[in-house]
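Visitor: I'd like to go over a predicted model; first the sequence, then the structure.
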Amino acid sequence: MSTDTIISKVWSFCTTLRDDGVSYGDYLEQLTYLIFLKMADEYAKPPYSRDVGVPASLNWETLKSLKGAELETHYVQTLRELGTSKGMLGQIFTKAQNKIQDPAKLARLIEMVDDVQWVMMDSDTKGDIYEGILEKNAEDTKSGAGQYFTPRDLITAIVECLAPQPNKTIADPACGTGGFFLSAYDYLVENHKMNKAQKKFLKDETFHGNEIVAGTRRLCLMNLFLHNIGEIDGESCVSSADALIAPSKTSVDYVLANPPFGKKSSMTFTNEEGEQEKDELTYNRQDFWATTSNKQLNFLQHICAMLKTTGQAAVVLPDNVLFEGGAGETVRKKLMENTELHTILRLPTGIFYANGVKANVLFFDNRPASKEVATKDVWYYDYRTNIHHTLKRKPLRLDDLKEFVTLYKGNERHTRKETWSEEETKTSSPSGRWRKYSYDDLITRDKTSLDLFWLKDDSLTDLDNLPDPEVLAEEIIDNIEAGLANFRAVAEKLKV
């Protein structure tokens, strides 16, 4: 079968199951289980002849041979028993459930997967099929899957700026479906002619992730595996542990991350009356600069702690991290003192599947302990003022960030040139989005706020420069839905 034929079959069957009420996410999970079992079957045969840990009583051939109620019963048993396995096998099938209630449709899906030699297929093709469904799943806002999906063009721009090198370790303590890992993998393959040892390191030792949600972790592992990262019979490179609970066991060269949205960490427990309650979760870590229940501040501190002294990081964080007082102020001061916080990319709204998110990318390099402050200047690129994106009509594209990537990489940091000028801020549609502030400028600001803008916002003063009506409508909907989400969070808190 040609690549186009395979992709067409995968999508058409997804549409068929959607009519039966099976979501993209559920379809994706079932496809994950079946492709994994089919590939395990292919690896068990010559010329590979590998023992991948799937018992003969639960292998691919047993699924193919059954129909009707017997197939459904055996499939459920297979999922349950494989979930108790070790390594990647156990991680793929953890908490696995059958979501296809019609045995005839399950049999058709098995036939579709069986028609393809997955091991022989090019990893780009397998990856494209899987990534496509992941993105469709993220667009299904009711499922909430979008919170685990960072726009791939944004990730590509971030990775291009960081320019990872071979034989270096890369971590993401909240890796979702693995977008940062895949982009870094592609960058390394495309930009470096690696020898055999470097290729093996890239496949088996480069990536280290954490993802506490079992379903998302499963999708991440399969996504990586289909892109040729990891081994079918190897250990998982993505841990199920909460990254914030304890210091990282290993220090890494790079951290690329977009920690989960939502300010508070919480845990659910059962009270004495048998009712479910939520409690704010505060991590008491000796290596943290401040103790707080703010999830993003904790992730930022954790990322700093897990970097080697020569390590580099790029982290997507919401605006509150830049201006919040108390623990936020402490963390910002320590971040500038102990690492070189050199660049902040201010992102527009309308690019994330979570509504109304105002976020930034913080780029910083770790430094050995010193009495001198590590940060000298912080360069800002304002890609928010007078910028309008929506997920469907005008999504963020790599070309939109081309100027930022060029300015970031164009010169050594100490020879960067501002595109901003005092006069430009007074004109309509200014072009000077690239500006630096010294450490002395920032440390004297109220609460050491890093929440800075300098360009004139046309929408506040010039009605002729408003975005198109459909863009405005989507922005209004985003803001209303974001407000509703905040009210729901408050309401939930009042119930406790």
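Guide: Looks like it arrived, so ask away.

Visitor: and the end-to-end length of stretch 187-203?
Guide: Looking at stretch 187-203, the gap from its leading to its trailing residue is 14 Å under the measure Cα to Cα, to the nearest Å.

Visitor: Tell me the gap between that stretch and the middle of its chain.
Guide: Per Cα atoms, centre = their mean, to the nearest Å, the displacement of stretch 187-203 from the mean C-alpha position of its chain is 22 Å.

Visitor: can you give me the mean pLDDT across that stretch?
Guide: The pLDDT scores in stretch 187-203 average 96.

Visitor: gap between stretch 175-182 and the chain center?
Guide: Relative to the chain's own centre, stretch 175-182 is displaced by 5 Å; criterion: Cα atoms, centre = their mean.

Visitor: Name the residues that touch it?
Guide: 127, 131, 134, 148-150, 152, 155, 158-159, 170, 172, 207, 209-211, 216, 219-221, 223-224, 227, 229, 238, 256-258 (Cβ atoms under 8 Å, 6 or more residues apart in numbering). Every C-beta, even on glycine, is put in place using the N, C-alpha and C of the backbone.

Visitor: again, but for stretch 20-35
Guide: By Cβ under 8 Å, 6+ apart, the list of residues contacting stretch 20-35 from outside reads 10, 14, 17-18, 63, 79, 92-93, 96, 98-102, 105-106, 109-110, 113, 118, 130, 133-134, 136-137, 140, 142-143, 145, 215, 218-219, 222, 226.

Visitor: Also stretch 38-55?
Guide: Among residues not part of stretch 38-55, those counted as contacts by Cβ under 8 Å, 6+ apart are 37, 59-61, 81-82, 85-87, 89, 113-114, 116-120, 232-233.

Visitor: And the pLDDT for the residue nearest to Ile100 when sequence neighbours are not counted?
Guide: The shortest distance from Ile100 to any residue that is not its chain neighbour, by Cβ to Cβ, 6 or more residues apart in numbering, is 4.6 Å, and that residue is Leu106. Model confidence at Leu106, expressed as pLDDT, equals 92.

Visitor: List the buried residues in the helix or strand hosting Leu106.
Guide: Using DSSP states H and E, Leu106 sits in helix 103-114. Applying a neighbour-count criterion of 16 or more other Cβ atoms under 10 Å, the buried positions in helix 103-114 are 103, 105-107, 109-110, 112-114.

Visitor: now that helix, how far from the centre of its chain.
Guide: Using Cα atoms, centre = their mean, we find the averaged C-alpha position of helix 103-114 to lie 31 Å away from the chain's own average C-alpha position.

Visitor: following it, which helix or strand shows up next?
Guide: Using DSSP H and E, the next helix or strand after helix 103-114 towards the C-terminus is helix 123-139.

Visitor: Which strands or helices does the next helix or strand after that next one pack on?
Guide: On the C-terminal side of helix 123-139, the nearest following helix or strand under DSSP H and E is helix 152-162. Of the remaining helices and strands, those touching helix 152-162 by 3 or more Cβ pairs under 8 Å, 6 or more residues apart in numbering; DSSP states H and E are helix 179-191, strand 252-257, strand 307-318, strand 359-366, helix 402-410.

Visitor: buried set for the third one?
Guide: Right, the one you point to is strand 307-318. Using 16+ other Cβ under 10 Å as the burial criterion, the residues of strand 307-318 that qualify are 307, 311-318.

Visitor: So what are the sheet partners of it and their directions?
Guide: strand 252-257 (parallel), strand 359-366 (antiparallel) (DSSP bridges).

Visitor: and the angle from it to helix 152-162?
Guide: For strand 307-318 against helix 152-162, the angle by axes from the mean of the first three to the mean of the last three Cα atoms, to 10 degrees is 150 degrees.

Visitor: what does whichever helix or strand comes after strand 307-318 rub up against?
Guide: Going down the chain from strand 307-318, the next helix or strand is helix 320-323, by DSSP H and E. Contacts to helix 320-323, defined as Cβ under 8 Å, 6+ apart, come from residues 263, 294, 296-297, 300, 328, 331-332, 344, 360, 362, 447, 449-451.

Visitor: So which of these sit within strands?
Guide: The members of the contacts of helix 320-323 that map onto strands under DSSP state E are 344, 360, 362.

Visitor: hang on, the second one packs against Val315?
Guide: Right, the one you point to is Asn360. No. Assessed by Cβ atoms under 8 Å, Asn360 is found out of contact with Val315, at 9.0 Å.

Visitor: what ranges do the helices span in the stretch 151-300 of the chain?
Guide: Listed in chain order, the helices of the stretch 151-300 of the chain (DSSP state H, counting those that start in this stretch) span 152-162, 179-191, 196-204, 214-226, 295-306.

Visitor: To Ser421, which of those lies closest?
Guide: When these are ranked by distance to Ser421, counting by Cβ to Cβ, first place goes to helix 152-162 at 24.2 Å.

Visitor: rewinding a little: spell out which two among the buried residues of strand 307-318 are the most distant pair, please.
Guide: By the measure Cβ to Cβ, those have their two most distant members at Gly311 and Pro318, which lie 22.9 Å apart.

Visitor: For the helix holding Leu106, which helices and strands make contact with it?
Guide: Helices and strands in packing contact with helix 103-114 are listed as helix 3-19, helix 24-44, helix 60-64, helix 68-82; criterion 3+ Cβ pairs under 8 Å, 6+ apart.

Visitor: Apply 6 Å and report the result again.
Guide: Using 3 or more Cβ pairs under 6 Å, 6 or more residues apart in numbering; DSSP states H and E as the contact criterion, the secondary-structure elements in contact with helix 103-114 are helix 24-44, helix 68-82.

Visitor: Just put those in TSV and tack on mean neighbour count, mean pLDDT and distance to Asp377.
Guide: Formatted as TSV, the helices and strands packed on helix 103-114 follow (neighbours: other Cβ atoms under 10 Å; pLDDT from 0 to 100; distance: least, Cβ to Cβ, whole Å):
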stretch	mean neighbour count	mean pLDDT	distance to Asp377
helix 24-44	22	88	44
helix 68-82	16	95	53
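
Visitor: closest to Glu403 out of those?
Guide: Put simply, out of those the one that sits nearest Glu403 is helix 24-44, at 34.2 Å, with distance taken as Cβ to Cβ.
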